[in-house]
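**Student:** Structure here, sequence nowhere to be found:
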């Protein structure tokens, strides 16, 4: 039995977070750019789990009711 490599730092974005982000961004490049700027990353795909969680929380406040 092989031991998995030890994890360091914050884990990468989960599939569920990616799907939720995709749904909240709704294909809007301007929104995606804003999320990236807020998180300090180049692309939405570069978000880690913590940044994705913060982006999702922020996007939920931006979505019209």
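**Tutor:** Yes, it's here. Remember, it's a predicted structure, so these values are computed and weren't measured experimentally. Numbering: from 1, shown residues only.
**Student:** hey, let's count contacts and neighbours off CA atoms from now on
**Tutor:** Will do.
**Student:** For residue 24, see how far away the residue nearest to the spatial centre of the chain is.
**Tutor:** By C-alpha atoms, centre = their mean, the chain has its centre lying nearest to residue 52, at 2.7 Å. To residue 24, residue 52 is 12 Å away according to C-alpha to C-alpha, to the nearest Å.
**Student:** Between the two, which contacts overlap?
**Tutor:** When C-alpha atoms under 8 Å, 6 or more residues apart in numbering defines a contact, no residue borders residue 52 and residue 24 alike.
**Student:** Does anything pack onto the longest helix seen in the chain? Which helices or strands?
**Tutor:** Ranked by residue count under DSSP state H, the longest helix found in the chain is helix 49-62. If you count contacts as 3 or more C-alpha pairs under 8 Å, 6 or more residues apart in numbering; DSSP states H and E, helix 49-62 packs onto helix 15-25, helix 29-39.
**Student:** List the buried residues of that helix.
**Tutor:** 49, 51-52, 55-56, 59 (16 or more other C-alpha atoms under 10 Å).
**Student:** what's in contact with that helix?
**Tutor:** 10-14, 17, 20-21, 24-25, 35, 39.
**Student:** quick one: which of the residues you listed is most hemmed in?
**Tutor:** The residue in those with the most neighbours, by other C-alpha atoms under 10 Å, is residue 35 (25 neighbours).
**Student:** May I have the residues that are in contact with that one?
**Tutor:** Here residue 35 is in contact with 44, 55 (C-alpha under 8 Å, 6+ apart).
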